[in-house]
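**Student:** Okay, predicted coordinates and the sequence, questions at the end:
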Amino acid sequence: MITWSALLKRFISDPVAIIAGFVLLLLILMAAFAPLIAPQNPYDLMQIDVMDSDMPPSWKPGGDPRFWLGTDSQGRGVLSTIMYGTGISLLIGIGAVIVQGVLGITLGLIAGYKGGWIDSFLMRLADIQMSLSTLMIAIIVLALFQAAFDPSVYAEYAIFMLIFIIGIAEWPKFARTVRASVLGEKNKEYVDAARVIGLPARKVMWGHILPNAMTPVLVISTIQVAEAIMTEAALSFLGLGMPVNKPSLGSLIRSGFEYIFSGSWWITFYPALVLIALILALNLLGDWLRDVMNPKLRRGDE
Amino acid sequence: MNVPIIETKNVEMRFALPTHFLSRQKPVLHALSGVSIAIEPGESFCVVGESGCGKTTLGRAIMGLLTPSAGEIYFRGTRIDQLDESARKPIRADMQMVFQNPYASLNPRRNVFDTLAEPIRHLKPEMNHAEIRAQVEDVLDATGCDQSWQRKLPHEFSGGQRQRIAIARALVTNPAFIVADEPISALDVSIQAQILNLLTDLQETRGLTYLFITHDLSVVKHFGTRVAVMYLGQVMELARAEDIFARPKHPYTRLLLDAIPKLTGGSFDKPRQPGELPDPVNPPPGCPFAPRCSMVQDRCRSERPKLRPIANSATQAACHFAD
Amino acid sequence: MALLEVTDLHVAFPRGKHHEVEALRGVSLSLKKGERLGIVGESGAGKSMLAFAILNLIAEPGRVSQGAIRFDGQNLLEMSEHDIRGIRGNRISMIFQDPMVTLNPVLTIGTQMVETLKAHRKISTHEARRLSIEKLKLVAIPSAESRLDAYPHELSGGLRQRVVIAIALLTDPEIIIADEPTTALDVTIQAEIMALILQLCRDRDMALILITHDLGVVAEVTERLMIMYAGLCVEEGPTQRIINAPTHPYSNGLLKALPQNSERGQDLYQIPGSMPPITALPSGCAYHPRCEFATERCHVSAPDLVNGIACFHPLKADAKAPA
């Protein structure tokens, strides 16, 4: 176990963690305050002028100082769309992980604590779920959804659909992690001590075992956010994710991709750069967390 | 004679071992095969034996952590092994347990106050916050814990201090009966004495009855009133503590006594043959101790001896030839 | 001349970037050929550290910061890793608490024994197998030939520890260092294993360093005894002399705290408090906060080990622990 102050101390002494944390914080702040700091609102049709379309970054010949990173084919500033798009990507990533977490933790906890046929049933269910590729499920469901509904309805609910689909498809990762650490905890004597006073299974599971089984969950959560953002980006790139008028980083990359051979590389390049920075920062932080939380890898303190 | 505070009648415990779901054999581990003991109020009843003898299983069955496969368990004359939770709840406050490993028996994420308050909150919901606080402070005092420990987490304490906290948790509902499962074997020598003294003092001040599970006969000599020596899920000898040292009746008891290292030295001078516990999945048909026994006869290998009173003593032994 | 001579050994571990703490703070010992030395202390006293340091096995980031270890006239601390391997596992063998540390679970016992032999001797596999069977018979393993093809998990704990001893004996070492060899075993198995070690040492004129927390075991097996506390030796001398008449207050307290050494119904003698961690040692004598004889002088300066005792206020020889 590691305390918060020890965690902070180790964070400060690790330059990679500081840089990754700083990048992540910057991107989150940028996304959260996009409506306040973005040069324009790309959703507001009043602010968009098709006359401004396909402008290169401001320092290039033909650039406009209003659009620092250039504009796309609809005349939206790339910088502004990135700021809003990062927010949508993060929202989907975090939302999907919350769905995965709630499902996975609950089912993993029950499987690990109850054992027997409940455990076998839930784990086989997880195996089946894992053997179906996330992308495949998402493509099928989203394609049906897109075909069945009007584009305006689709645009409104796409974000919830993405959160829901990525969340459902990836719960086994959480369930397995939680189950493994519950199996390690449930035979410890503090659990027996709680059972001796007749505490119901529900309270033993949630009140005693889960808090001690959460460490690995924290680690995979970070990695899973990155993974969910990637999945969403891939879906959007295939045209099954966020619609073009509510773009995530993935849909931005896609919308620029058509113009890349006509020389407008910035429309794709900058969102891709931000996506890479975001994923890299999350993965580096996840790796760092795993190293810190794993007592077998920890040396030299205590 | 009083009603025993705890009585077990022919308690059996069988565990099905995990197998492949296609395999024909369903191996069953016999952890307890027909254990009958009665513990009188105020006793320090010790259960002694080597690992795998079923002593911990017996303690856990009495506490309701395990449900016996057969047999009956009584608390003050009430049968408790088949009670449902609502009927058992009032009895739980009277029975508590202290565990072996103080590093595992306290939830690492709960501070001392929360750990101690939980049994009261659950078992005595009528008590208000001030009463709970007073009760917690009271048991902390009684177990030699400092009041400043209340807001600290277990990792801030040494093994001996943690075991005091674990004892305080067992006392917080004012129980009459405590199962202590090897409460000192994970502690350092100088700390063992502190904890044993604490248990003795608490027995005097609170009139506790102990079921004390241990592998260490020298503790029994100091601490116990009566002893059950267990081997492979059976009681081999049931005797008063002083008798077991002065007049051991069962050959296994003698082997155990002989194995204690003596401070005067000299008893390890002659070589000993390797002896092993028989496989509890396929126990021998006769006396479980027969394969190791020095006075074994043909009858021992075929017929399982029953626990019987030995003439001219208060001892019972499960041996065909004990006298 | 002494076979093994350790002088003023310090082992240090880094703490933070610029500081070090010492787990051993200047320990000396000498061991003659065929002599059996017991090292007793509570957890954290540094007794296992001493064993590891003798074999130059201190794990990073710890290091031997001072002192000398002479074996047969050579300083082990100045030898190359290659030369040390000619001694470690060959002329000095080690037995650990957990047999599974020594035994590789995926190799048969025979393979492991043959490999150990071939690493140190230029002999044929056939000859190595013959020697292995001989050693397994020496430690009284039943049907030794067939056990050679068994995997470690197929043996019981007691047999496994016998195999470890057989492996330790393969190269006919001059010294065996046994670190709590029976702590994980049952009392009857402990008696067997300790009797075996004792007999082997006597028959083969082998020296033994036995590290344990159990005073009974050292009394049975060893001739000389070292009591360690907080990284130092506090008392050293003939085993029976120390056990019958300890002169250091800590040795005295340890002995008096044993249940064997007190009357029934009486409280056990208890040493107050617990051993300080090496990161927070008190000033002066490390034992003074727990010592009933401590004076101002003990707070300020630490006593040296003179004539086998490190105390300013040694107990007189007649103030012996109650037997």
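**Tutor:** That came in fine, so what should we check first?
**Student:** Strands along chain B, start to end?
**Tutor:** Along chain B, the stretches classed as strands by DSSP state E are B:6-16, B:28-39, B:44-48, B:70-75, B:78-79, B:95-98, B:177-181, B:209-214, B:226-231, B:234-240, B:308-309, B:316-317.
**Student:** mind putting the ones you listed in TSV, mean pLDDT, mean neighbour count and distance to A:Met136 included?
**Tutor:** Backbone N, C-alpha and C define where each C-beta goes, glycine included. Putting those into TSV (pLDDT from 0 to 100; neighbours: other C-beta atoms under 10 Å in any protein chain shown; distance: least, C-beta to C-beta, whole Å) gives the following:
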stretch	mean pLDDT	mean neighbour count	distance to A:Met136
strand B:6-16	92	18	40
strand B:28-39	90	20	46
strand B:44-48	95	25	59
strand B:70-75	94	18	53
strand B:78-79	92	12	58
strand B:95-98	95	26	52
strand B:177-181	95	25	52
strand B:209-214	95	25	56
strand B:226-231	94	26	59
strand B:234-240	94	24	59
strand B:308-309	91	12	72
strand B:316-317	92	24	70
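**Student:** Output those as CSV; include the columns distance to chain C.
**Tutor:** Formatted as CSV, the strands of chain B follow (distance: least, C-beta to the nearest C-beta, whole Å):
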stretch, distance to chain C
strand B:6-16, 19
strand B:28-39, 16
strand B:44-48, 10
strand B:70-75, 26
strand B:78-79, 32
strand B:95-98, 18
strand B:177-181, 15
strand B:209-214, 11
strand B:226-231, 10
strand B:234-240, 12
strand B:308-309, 24
strand B:316-317, 18
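**Student:** who wins for proximity to chain A among those strands?
**Tutor:** strand B:95-98 (4.9 Å; C-beta to the nearest C-beta).
**Student:** What strands line up against the closest one, and which way round?
**Tutor:** According to DSSP bridges, strand B:95-98 forms sheet pairs with strand B:177-181 (parallel).
**Student:** Distance from the strand it pairs with to the middle of the chain?
**Tutor:** Distance of strand B:177-181 from its chain centroid, counting by C-alpha atoms, centre = their mean, to the nearest Å, is 7 Å.
**Student:** Please apply the same query to stretch B:143-151.
**Tutor:** From the chain centre to the centre of stretch B:143-151 is a distance of 27 Å (C-alpha atoms, centre = their mean).
**Student:** Just the buried residues of that stretch, please?
**Tutor:** By neighbour count with 16 or more other C-beta atoms under 10 Å in any protein chain shown, stretch B:143-151 contains the buried residues B:143-145, B:149-150.
**Student:** which residues are contacting that stretch?
**Tutor:** Contacts to stretch B:143-151, defined as C-beta atoms under 8 Å, 6 or more residues apart in numbering or on different chains, come from residues B:111-113, B:136-137, B:140-141, B:157, B:161, B:164-165, B:167-168, B:171, B:198, B:202.
**Student:** What subset of those residues is buried?
**Tutor:** Among these, those classed as buried by neighbour count (16+ other C-beta under 10 Å) are B:111-113, B:136, B:140, B:157, B:161, B:164-165, B:167-168, B:171, B:198, B:202.
**Student:** In CSV, list the strands of chain B along with distance to C:Arg85.
**Tutor:** Listed next are the strands of chain B as CSV, based on distance: least, C-beta to C-beta, whole Å:
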stretch, distance to C:Arg85
strand B:6-16, 46
strand B:28-39, 44
strand B:44-48, 45
strand B:70-75, 58
strand B:78-79, 65
strand B:95-98, 47
strand B:177-181, 44
strand B:209-214, 43
strand B:226-231, 45
strand B:234-240, 49
strand B:308-309, 61
strand B:316-317, 55
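**Student:** do the helix or strand hosting C:Ala53 and chain B meet at all?
**Tutor:** Under DSSP states H and E, the secondary-structure element containing C:Ala53 is helix C:47-54. No: Helix C:47-54 does not reach chain B (C-beta under 8 Å from any C-beta of the partner chain); its nearest approach is 12.0 Å.
**Student:** Now do that helix: which elements does it pack against?
**Tutor:** In this structure, helix C:47-54 packs against strand C:4-15, strand C:19-31, strand C:36-40, strand C:63-71, strand C:175-179, strand C:207-212, with contacts taken as 3 or more C-beta pairs under 8 Å, 6 or more residues apart in numbering or on different chains; DSSP states H and E.
**Student:** and the fifth one, which strands flank it?
**Tutor:** Spelled out, it's strand C:175-179. Each strand pairing with strand C:175-179, determined using DSSP bridges, is listed with its direction: strand C:92-95 (parallel), strand C:207-212 (parallel).
**Student:** Likewise for the longest one?
**Tutor:** Counting by DSSP bridges, the strands paired with strand C:19-31 are strand C:4-15 (antiparallel).
**Student:** Touching the partner strand from outside, list them.
**Tutor:** Counting contacts by C-beta under 8 Å, 6+ apart, the residues outside strand C:4-15 that touch it are A:300, C:20-31, C:46, C:49-50, C:53-54, C:58, C:61-71, C:92, C:175, C:207, C:279.
**Student:** Whichever of these end up buried, select them in ChimeraX.
**Tutor:** For anyone working in ChimeraX, the buried entries among the contacts of strand C:4-15, judged by 16+ other C-beta under 10 Å, can be selected with:
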select /C:20,21,22,23,24,25,26,27,29,30,31,46,49,50,53,54,58,62,64,66,67,69,70,71,92,175,207
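**Student:** center of chain C, which residue is that?
**Tutor:** Residue closest to the average C-alpha location in chain C (C-alpha atoms, centre = their mean): C:Ile211, at 2.5 Å.
**Student:** right, and it touches C:Lys47 too?
**Tutor:** Yes: counting by C-beta atoms under 8 Å, C:Ile211 touches C:Lys47, with 4.8 Å between them.
**Student:** Might you list the low-confidence residue ranges for chain C?
**Tutor:** Scanning chain C for pLDDT under 70 picks out C:1, C:317-323.
**Student:** Just the helices from the stretch 51-200 of chain C, written as ranges.
**Tutor:** For the stretch 51-200 of chain C, applying DSSP state H, counting those that start in this stretch gives helices covering C:81-85, C:99-102, C:109-120, C:125-138, C:144-147, C:157-169, C:187-204.
**Student:** Thanks a lot, see you next time.
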